[in-house]
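Q: Pasted the sequence and its predicted model underneath.
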Amino acid sequence: MYTIKDMYDLNETIAAELFEGKTYAWEVLADIGDFIIKLGTTLSLDEFEHPAEDVWIHKSVTVAETATLKGPLIIDADTEVRPGAFVRGKVIVGKNCVVGNSTELKNVVLFNTVQVPHYNYVGDSILGTHSHMGAGSITSNVKSDKTLVVVKNGKEQIETGLKKFGAMIGDYVEVGCNSVLNPGTVIGRNSNIYPLSSVRGVVPEKSIYKSKNEIIEKK
């Protein structure tokens, strides 16, 4: 229930080719930067600005003067980058997205119509189409003991081999304000996370996460 095909509509990203041949979305994290450079050289300069090395921004994108954008980076059509946003590189932002004030992105893919609009940190993560992170919610991407991240689903454990891995957020997921998604969190499609949650492991699709001991199926 947490493979790429279970979680994401690949028609909703300019980066669909990045996921080809992979089973789990976290397998693409190491390849995002190189993929951006490869894809960027194929983008039409009639549609995309190329203002700096390894940076491509669709001409319909709105970027606030106080935003900081570093490559490798692709931002697709009709997205808004608001004041104080810090895009640190190795980032793909889809169509119709919002990258909000004081939001920081690093080594991530945002599918189309994703909103990270207020004081969010998103690192080493994948966010599916129409997913939304409430104000102040973040992905924590490194374990406190600095060991490699393991995806845990009950007794099942999947070794990722990654030191940095934030969250895999499926399509149409709502993350409540001031929540922390701990390293290796996987949230299935159409799920909701209550505000102020500290989330670990796998949240099944179509679920409401109230606490680690109270995850209920959506009706």
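A: Everything's here; your move.
Q: Show me which positions of the longest helix along the chain end up buried.
A: For the chain, the helix that runs over the most residues, judged by DSSP state H, is helix 32-40. Buried residues in helix 32-40, defined by neighbour count with 16 or more other C-beta atoms under 10 Å: 32, 33, 35, 36, 39, 40. In short, each C-beta sits where N, CA and C put it, glycine included.
Q: So in terms of bridging, what pairs with residue 106?
A: Bridge pairing for residue 106 (DSSP bridges) gives the partners residue 123.
Q: Residue most distant from the centroid, the protein?
A: Most distant from the centre of the chain: residue 46, at 27.5 Å, with distances by C-alpha atoms, centre = their mean.
Q: Which strand or helix spans that one?
A: Under the criterion DSSP states H and E, no helix or strand holds residue 46.
Q: For the chain, which segments are assigned as helices?
A: Along the chain, counting by DSSP H, helices occupy 4-7, 32-40.
Q: Would you mind putting the ones you listed into JSON lines with distance to residue 140 alongside?
A: Formatted as JSON lines, those follow (distance: least, C-beta to C-beta, whole Å):
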{"stretch": "helix 4-7", "distance to residue 140": "20"}
{"stretch": "helix 32-40", "distance to residue 140": "19"}
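Q: and of these, who's closest to residue 146?
A: helix 32-40 (21.6 Å; C-beta to C-beta).
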